[in-house]
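Undergrad: model this:
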Amino acid sequence: MFVILIFFTVLAQCFNGKEVEVVEEEEVFTEELLLRPLPDRKVLTHFHFEHKAPFHHQHYRLFPKAIHQLVQKFRIREMELSFTQGRWNYERWGGFDPVSSRNVKPPGVELWAVFDVPPNQVDETWKNLTHTLSGLFCASINFLESTTAYSAPVWGFQKISGGLRYGALPREAVCTENITPWLKLLPCRDKAGLASILERPSIYNGFYHSQRLRLISRGFESQEGVKPEIVLQQTLTAVLQSDSQRTMTTNYGKKLQTSWSIRSIFGRKPNDICVLAKSSTIFLELDRGLVYELNKLGVELDTTSADNAAFELTVIPTRVIKEEKSSLNEGSPVVYEFSMDKFSPGKLQDIGLTWKHPIVWACLQAPYHTNRFLMGSGNERGSIAISLRSTHSGMGSRIDNVVDGSKVEVVVFQVVPWYVKVYYHTLQVFIDGQPKMVADVVEKLHVSPSEDKVSTGAMEMILKFPSDANLVVLTMEFDKGFLHIDEYPPDANQGFDIPSAVISFPNSQASITYLKENFTSSPMLQKFKEKSVLLSYTEVLLVPLATPDFSMPYNVITITCTVFALYFGSLLNALRRRVGEEERIFESKGKFIYVGDSTKIRLVPLLLQKLFPKLRTHQQQPQSSSPSSLLRSKLIFKVILVAGLAIGWHFYFG
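TA: Take a look at the predicted model:
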């Protein structure tokens, strides 16, 4: 019997071991880093961490438990949360590539989520989600719980039917307290792997950085051909600059690009490989404009050689990945792959690039540069203007699938707080300085008017205008509302923020398709191949409102307390004082001092004579009235004075 029990125990352990191995194969974690030199002597760094786990599972080994609980409790289909500091420079850093289109976010905090709950429960679920995320990421995301801080887009932001909520906090400060819980979601955290080079000062001293968390769950509804799983994508996009700003000038007066390496950018290199990651890879990308200039110089980029006429790589790449033949004439981007598995453990090399030749290029631009600004003056009314300026750059703005061969389609989504009362009927459209009929340009319009202290206002519209238009301007008038004193923030004199407007170009697809022979299983490069709508964010508007003088309540409280103290103090003193008892106490407790043999002088008159010489002459004169009559006259005078003050007080503040 004992032998049979041992046999079944060993058999159960074997089955349990096999089951654990299956779970390990189902959970996948990958980490990648993309490096790209920019034209203005800076470097774009883009970290991409991705978790994949089965949907119907309770115990995860790699997938963060907190995220799994969020999905199950709030039934989240999709969610995206971003913390951003700075604004992306579309003119210098480009706006027509997958990184700038998918990962560039507006300043502050942006959150949107899609729930798989009944429509009457969406708002309550959103409120609970904001509180949970606020505690998880040490941020003020709970301020988005109020209906005055979020909106429900219909089709202007994401093409998702129902259950979508969107909110933004433009003034939310981003600090290490936000990135630390973000790093704790990684299996190796920042102790090993690519995340180990994320030094806090180097990130927050950069020109721009945005940390993003994207969550996709497939499993609430069973669909054929769709695997029930949870996908968590964590990305960190930062624009940094090398510590060594060495510049070399040629005879033509052109400056070399700054030579850089991972250590010079972040202050450290990767410590070790994260053993829990399925793959750990670093990519060095040369964008279209740079490849076009290098092709003119005759530089060969399709080899794994670390040295050429234009630059030199500090580490020999594992392989070179090229894009399929493009219809543009400026060339195709080239990606150098460095697999971290090829390096020996504990001896990871410092990947970098050293320039040999001065190169000047421009990044690929979006079809139109978007800007938003205020017009008017004063604290009563004003106007909001959104401008679309055509790029027409030599490096090629790109508009695919233009409708009717002569129209450009643009979608505008804008959220306005309730205290900025926008008059949507005042919408005006100007093309190249000429006013146009709104019906001729605006094809579709959806407006959700704001309600005072209840909900925000949202505007979604589709514009279609000629593709040869150089400048398109939209203007709307608004009135500035008045807030209660309790609704003003501590820094009310700074002004109030209007979140960034989202401008999308549905006919422009930002994607990169690589050659089949260079096919890679990289999740980041696979994501770049997906066609996505080109997005662009405008500036955050700062609207000054009529602000009260917050020092007045303090002054009123101070003078009121002073008058009340004088009034009630004098009144109580006059009512509680007894004249006869005071005289007896004064005579019984009078103290004497002896001078000489038999002379007895009171102490109090002596002190008064020393302090006030006039009292001496006054005492030598014969007193016509008794002390009791003097005290009574003083008491009557005080009562009359207090009564007069009380009557004056009531008449003045009546």
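Undergrad: Just grab the bridge partners of the spatially most central residue of the chain for me.
TA: Residue closest to the average C-alpha location in the chain (Cα atoms, centre = their mean): Gly108, at 1.6 Å. Under the criterion DSSP bridges, Gly108 forms beta bridges with Thr84.
Undergrad: In contact with it, which residues?
TA: Gly108 is in contact with 83-84, 168-172, 174, 499, 540, counting by Cβ atoms under 8 Å, 6 or more residues apart in numbering. In this view, the C-beta of every residue, glycine as well, is placed from N, C-alpha and C.
Undergrad: residue ranges of the helices in the stretch 251-400 of the chain, please?
TA: 262-266, 288-296 (DSSP state H, counting those that start in this stretch).
Undergrad: Packing partners of the longest one?
TA: Read it as helix 288-296. Of the remaining helices and strands, none touches helix 288-296 by 3 or more Cβ pairs under 8 Å, 6 or more residues apart in numbering; DSSP states H and E.
Undergrad: Show me which positions of stretch 452-465 end up buried.
TA: 455-465 (16 or more other Cβ atoms under 10 Å).
Undergrad: how close does the residue nearest to the centre of the chain sit to Gln211?
TA: 12 Å (Cβ to Cβ, to the nearest Å).
Undergrad: Between these two, which contacts overlap?
TA: Jointly contacting Gly108 and Gln211 under the rule Cβ under 8 Å, 6+ apart are 83-84, 174.
Undergrad: In three-state terms, label the residue nearest to Arg77 when sequence neighbours are not counted for me.
TA: Counting by Cβ to Cβ, 6 or more residues apart in numbering, Val114 is the residue found nearest to Arg77 once chain neighbours are left out, at 4.5 Å. Secondary structure, DSSP: H, G, I helix; E, B strand; the rest coil: Val114 is strand.
Undergrad: Bridged to Val114, which residues?
TA: So, taking DSSP bridges as the rule, Val114 has Glu78, Leu164 as bridge partners.
Undergrad: With Gly457 instead?
TA: Beta-bridge pairing of Gly457 under DSSP bridges involves Val416.
Undergrad: wait, isn't it in contact with Met476?
TA: No: if you go by Cβ atoms under 8 Å, Gly457 and Met476 don't touch, sitting 10.7 Å apart.
Undergrad: Spell out which residues are contacts of both of these two.
TA: Val422.
Undergrad: where are the low-confidence patches of the stretch 401-550 of the chain?
TA: 401-405, 516-519 (pLDDT under 70).
Undergrad: Relative to Pro333, which of the contacts of Gly108 is nearest.
TA: Pro333 lies nearest to Thr84 out of these, by Cβ to Cβ, at 24.9 Å.
Undergrad: Tell me the predicted confidence for the closest one.
TA: Per-residue confidence (pLDDT) for Thr84: 96.
Undergrad: if I look at the closest residue to Asn308 other than its chain neighbours, how far off is Lys356?
TA: Counting by Cβ to Cβ, 6+ apart, Asn308 lies nearest to Val299, which is 5.2 Å off, once chain neighbours are set aside. Distance of Val299 to Lys356, given as Cβ to Cβ: 10 Å.
Undergrad: what does Thr235 give?
TA: Taking Cβ to Cβ as the measure, Thr235 falls 32 Å from Lys356.
Undergrad: These two: which has the busier surroundings?
TA: Neighbours were counted for Thr235 and for Lys356 using other Cβ atoms under 10 Å; Thr235 has more, 22 against 16.
Undergrad: The more buried one and Thr180: what is the separation?
TA: Plainly put, Thr235 is 17 Å away from Thr180 if you go by Cβ to Cβ.
Undergrad: and what of Gln69?
TA: 20 Å.
Undergrad: picking that back up, reformat the shared contacts of Gly108 and Gln211 into a markdown table and put distance to Glu199 and neighbour count next to each item.
TA: Below are the shared contacts of Gly108 and Gln211 laid out as a markdown table (distance: Cβ to Cβ, whole Å; neighbours: other Cβ atoms under 10 Å):
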| residue | distance to Glu199 | neighbour count |
| --- | --- | --- |
| Phe83 | 17 | 26 |
| Thr84 | 19 | 25 |
| Val174 | 16 | 21 |
